[in-house]
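Structure of the sequence below:
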Amino acid sequence: MKAYSLNSPAPIHTHPLSLEEVEIPKPHDREVLVKVSTCGVCRTDLHVCEGELDPRLEKVTPGHQIVGEIAELGSGVENFVEGETVGIAWLHKTCGDCVFCRKGQENLCEAADFTGWTVNGGFAEYAIGSEEFLYRLPEGFSKTKAAPLLCAGIIGYRALQLTGIENWKDAKLGIYGFGAAGHVSIQIARFRGARVYVATRDRDKHQKLAEELGAVWVGDTFDEPPEKLDAAIVFAPAGEIVPAALGALVRGGSVVLGGIYMSPIPEFEYEAIYGERIIRSVTNNTRENGQEFLEEAARAKVQIHTEVFPFENANEALVALKNDAICGAAVLQVS
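This next block holds a predicted model:
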């Protein structure tokens with residue numbers, strides 16, 4: 001099969017992924033082999049390729065928003081059949097035994113595997129998924145549109161849950177950075193009844209899309225919203241945004257950091273968090289988050305905006321993502 005390999009992290013403009021011919025992997029106990037149809041291209045893939053996430057394998061195939069059909073079942077698989085369309089997401093497998101797994105916080109498992117980082121992912125014609133961590137996809141989404149749900153959507157959903165907002169009707173939510181996760185999150189928040197304020201760069205792409213999706217206010221990254229916010233989510237991996245987001249909050253408000261990587265947060269005065277303002281990170285997700293999100297996305301009739309790249313153009317897709325040239329979510333058309 002054909003698969004992209006990252007043999008050594010490097011700046012993405014150097015095209016560090018090489019397309020190679022490798023053996024089709026074999027599914028082991030409680031695993032399935034998936035023939036990949038589409039795979040979302042995520043900023044986390046950028047962090048893997050450029051080495052901002054420390055390499056875990058000698059070489060790895062990125063990609064963790066995988067949609068495809070089950071081609072082969074490993075031993076012991078009971079809940080899926082060959083030919084079924086499934087999704088493979090970032091959280092590939094957890095240990096199930098640690099203190100975090102036992103108390104329902106499997107997203108914090110320190111022995112977890114992650115698709116496209118600690119195990120090979122979906123920038124390939126075939127990928128392996130763990131039965132207990134597969135998703136059945138909601139009706140109404142094509143394979144192309146479903147792929148970004150599996151990370152951008154799920155992480156955005158967890159970020160919304162961690163804002164602490166209980167009554168969403170007319171709640172004021174800020175979104176900083178408006179890529180794949182932002183454009184899904186605004187639709188869920190509005191479905192719940194929130195008023196959404198978007199601060200992001202690129203008037204022609206990201207700001208325009210935010211307006212189309214119902215933001216009540218759109219400004220540049222460091223513009224101050226016209227009202228104080230109950231909560232804000234920072235999807236952009238830029239630490240300098242955090243003090244600005246804190247300054248936009250009401251007392252008791254929260255800033256949720258939605259990325260796996262972020263540049264350093266600059267020093268700020270204590271007054272910025274005084275008033276019981278909160279900063280908290282999102283770390284991965286639980287399977288429950290994923291299932292709840294997919295169900296709500298179907299109810300909300302979430303519209304996924306995609307830019308589709310041929311399989312041969314994986315490096316180019318990552319370059320476009322790096323340069324904020326994607327409106328919505330990037331997707332590789334694998335087969």
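
Going by C-alpha atoms from here, please, whenever you check contacts or count neighbours.
Fine.

So for the residue of the chain most remote from its centre, what's the pLDDT?
The centre of the chain is farthest from one residue, Glu271, which by Cα atoms, centre = their mean lies 31.9 Å away. Confidence at Glu271, expressed as pLDDT, is 95.

In three-state terms, label it for me.
helix (DSSP: H, G, I helix; E, B strand; the rest coil).

Would you tell me which strand is longest in the protein?
Looking across the chain with DSSP state E, the single longest strand is strand 31-41.

Which strand or helix spans Thr221?
Using DSSP states H and E, Thr221 maps to neither a helix nor a strand.

what about it, neighbour count?
19 (other Cα atoms under 10 Å).

likewise Leu332?
Residues near Leu332, counting by other Cα under 10 Å: 27.

now stretch 257-264: mean pLDDT?
The model assigns stretch 257-264 a mean pLDDT of 96.

now the end-to-end length of it.
End-to-end distance for stretch 257-264: 12 Å, by Cα to Cα, to the nearest Å.

Summarise which helices and strands the strand or helix carrying Phe114 is packed against.
In this assignment (DSSP H and E), Phe114 forms part of strand 113-114. Under the contact definition 3 or more Cα pairs under 8 Å, 6 or more residues apart in numbering; DSSP states H and E, strand 113-114 sits against strand 91-93.

how about the helix or strand just after the strand it packs on as PDB, C-alpha atoms only?
Following strand 91-93 in sequence order, the next helix or strand is helix 99-102 (DSSP H and E). Extracted in PDB, the C-alpha atoms of helix 99-102 (Å, rounded to 0.1, in the frame of the first residue of the first chain):
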ATOM      1  CA  VAL A  99      -6.300   5.900  38.100                       C
ATOM      2  CA  PHE A 100      -7.500   8.200  35.300                       C
ATOM      3  CA  CYS A 101      -9.100   5.400  33.300                       C
ATOM      4  CA  ARG A 102     -10.800   4.000  36.300                       C
END
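
Residues touching helix 99-102, excluding its own?
Helix 99-102 has contacts (Cα atoms under 8 Å, 6 or more residues apart in numbering) with 94-96, 106-109.

residues of that helix that come out buried?
By 16 or more other Cα atoms under 10 Å, the buried positions in helix 99-102 come out as 100-101.

what does stretch 50-57 give?
Neighbour-count burial for stretch 50-57 [16+ other Cα under 10 Å]: 50, 52-53, 55.

try stretch 135-149
In stretch 135-149, the ones that count as buried by 16+ other Cα under 10 Å are 135, 137, 141, 143-149.

re the thing from before, name the nearest of the contacts of helix 99-102 relative to Pro266.
When the contacts of helix 99-102 are compared for distance to Pro266 (Cα to Cα), Leu108 wins out at 25.9 Å.

per-residue pLDDT, the closest one?
98.

For the stretch 1-150 of the chain, which segments count as strands?
2-6, 17-21, 31-41, 66-73, 85-88, 91-93, 113-114, 126-130, 134-135 (DSSP state E, counting those that start in this stretch).

Can you tell me which of the ones you listed is nearest to His183?
strand 31-41 (14.4 Å).
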